[in-house]
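Enquirer: Predicted model follows, preceded by the sequence.
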Amino acid sequence: MRNFDWRNARNPLVQELGWCLFSEPIVDQLPPATSLPWPCSEDRGAREILAALDHNPTPLQQHLAGLTDKRLGARFEAMWTFYLSHHPQFELLAHNWPIQKNGQTLGALDLLFRDYHLNTVIHGEIAVKFFLYYPDHPGTGLQKWIGPNPDDSLADKITHLTSHQLPLSAREETLTGLQKAGLPGAQQRACVIKGLLFHPWRQRIPLPSPFNQNHLCGEWLPLADLPALLASNPHCRWNLLDKQQWLLPKSQTFSSGKSLGTKMAERLKEKRQPVMICNDGMASNPTANRYLVLPPDWPRA
């Protein structure tokens, strides 16, 4: 168990949990808003939890079965609440804890947990995001990293975390509410953003500190370039990923490039948003073969 590798788990759900917990982050600290790096490491306790779930995934399945919110962010958070509730180093004290003032909700703490190794209580903010560098988007720098919904940007996410979400735990309203509930206030603040950053096809865009230079990355291309991508990978099989598959580190099924084109046309008729695809060409690093294909009228659509 101590040598268990979630990447080789038999159960896709365990692979997904391992990816949410221990894949390379986009960001794991935002000074001065955070007071310490993200404290959860892939230690022996973590490997034992994942190995036990690979043998019997029922506890995780039951935990996720109660999830009514189908958004990826909610599923990602549920993975973390399960883990923090089962690892002996941590005690999950609260999650999605609402902060109110005069009957108005100011926001919520993603996670409040105790770290017994550090002997401290941590307010944790977590997110899973998928951004692509779109040079024609208005603005500069991080404003050009936008999501499949182009109203969402990496710049806005960082600003929201540093100026609003992380400082929430220091507010008087928060401390009063936690005290009334019999919960301790946070002594430290930490955040982690997981996900993928999609660089333009055959390009690499440098990112400044504090971004992890080893972040998981893919590439994006317009729909018109899809035939060229398929032609440049003639021996690969492909899969068009549903949104719920975006957190899976490995695709479970693949088909031919010709079949991919048909599926792509059908999907874009339903919803004219970027579509994520992957191929089976890099088994040693499965998240490196992800692509976002942009429809012709995106992002205006």
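Expert: It's in. Bear in mind that the values here come from a model prediction, so they are computed numbers and not experimental data. Residues are numbered from 1 along each chain as shown.
Enquirer: C-alpha only now, for contacts and for neighbours.
Expert: Fine.
Enquirer: Find the residue at the geometric middle of the protein.
Expert: Nearest residue to the geometric centre of the chain (C-alpha atoms, centre = their mean): V128, 2.2 Å.
Enquirer: Next one: that one relative to D115, how far apart?
Expert: Using C-alpha to C-alpha, to the nearest Å, one gets 22 Å for the distance from V128 to D115.
Enquirer: what residue ranges in the chain score low on pLDDT?
Expert: 1-2, 282-288, 301 (pLDDT under 70).
Enquirer: Phi first, then psi, for L111.
Expert: Phi and psi for L111, reported as degrees, to the nearest 10, are phi -140, psi 140.
Enquirer: what's it in contact with, if anything?
Expert: By C-alpha atoms under 8 Å, 6 or more residues apart in numbering, the contact set of L111 is 81, 92-97, 122-126.
Enquirer: quick revisit: can you tell me the closest non-neighbouring residue to the residue nearest to the centre of the chain?
Expert: Nearest non-adjacent residue to V128, counting by C-alpha to C-alpha, 6 or more residues apart in numbering: K194, 4.6 Å away.
Enquirer: Now that neighbour, what are its backbone angles?
Expert: Dihedral angles for K194 - degrees, to the nearest 10 - are phi -100, psi 180.
Enquirer: And for L241?
Expert: With angles defined as degrees, to the nearest 10, L241 sits at phi -90, psi 130.
Enquirer: May I ask you to confirm that P39 belongs to a helix?
Expert: No: under DSSP: H, G, I helix; E, B strand; the rest coil, P39 falls outside any helix and is assigned coil.
Enquirer: how many neighbours does it have?
Expert: Neighbourhood size, P39 [other C-alpha atoms under 10 Å]: 14.
Enquirer: which residues does it contact?
Expert: P39 sits next to A190 when contact means C-alpha under 8 Å, 6+ apart.
Enquirer: do that again at 6 Å, thanks
Expert: With contact set as C-alpha atoms under 6 Å, 6 or more residues apart in numbering, P39 has no partners.
Enquirer: So what's the residue count around E172?
Expert: Neighbour number of E172 under other C-alpha under 10 Å is 12.
Enquirer: before we move on, what about H160?
Expert: For H160, the count of nearby residues is 12 (other C-alpha under 10 Å).
Enquirer: Can you tell me how far the residue located most distally from the centre of the chain is from E173?
Expert: What lies farthest from the middle of the chain is N102; by C-alpha atoms, centre = their mean that is 33.2 Å. From N102 across to E173, the span is 10 Å (C-alpha to C-alpha).
Enquirer: Surely L92 and Y116 touch.
Expert: No: assessed by C-alpha atoms under 6 Å, L92 is found out of contact with Y116, at 11.2 Å.
Enquirer: Which of those two has more residues huddled nearby?
Expert: A direct count of neighbours by other C-alpha under 10 Å for L92 and Y116 places L92 higher, at 20 against 12.
Enquirer: Okay, helices next: where are they in the stretch 201-301 of the chain?
Expert: Counting by DSSP state H, counting those that start in this stretch, the segments of the stretch 201-301 of the chain that form helices are 226-232, 257-270.
Enquirer: With distance to W246 added, can I get those helices in CSV?
Expert: CSV is the format used below for the helices of the stretch 201-301 of the chain (distance: least, C-alpha to C-alpha, whole Å):
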stretch, distance to W246
helix 226-232, 20
helix 257-270, 16
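Enquirer: Could you export these to CSV, including columns for mean neighbour count and distance to H55?
Expert: Output for the helices of the stretch 201-301 of the chain, formatted as CSV (neighbours: other C-alpha atoms under 10 Å; distance: least, C-alpha to C-alpha, whole Å):
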stretch, mean neighbour count, distance to H55
helix 226-232, 14, 38
helix 257-270, 14, 34
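Enquirer: between those, which one is nearest to L240?
Expert: For L240, the closest of those is helix 257-270, at 6.7 Å, according to C-alpha to C-alpha.
Enquirer: Give me the distance from the closest one to the chain's centre.
Expert: Between the centre of helix 257-270 and the centre of its host chain there is 26 Å, according to C-alpha atoms, centre = their mean, to the nearest Å.
Enquirer: Using CSV, write out the CA atom coordinates for it.
Expert: Output of helix 257-270 as CSV, limited to C-alpha atoms (Å, rounded to 0.1, in the frame of the first residue of the first chain):
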residue,chain,number,x,y,z
GLY,A,257,-10.1,10.1,-36.1
LYS,A,258,-12.9,9.8,-38.7
SER,A,259,-15.4,8.9,-35.9
LEU,A,260,-14.1,11.9,-33.9
GLY,A,261,-15.0,14.3,-36.7
THR,A,262,-18.6,13.0,-36.7
LYS,A,263,-19.0,13.2,-33.0
MET,A,264,-17.5,16.7,-33.1
ALA,A,265,-20.1,17.9,-35.6
GLU,A,266,-22.9,16.5,-33.5
ARG,A,267,-21.6,18.1,-30.3
LEU,A,268,-21.2,21.5,-31.8
LYS,A,269,-24.8,21.4,-33.1
GLU,A,270,-25.9,21.0,-29.5
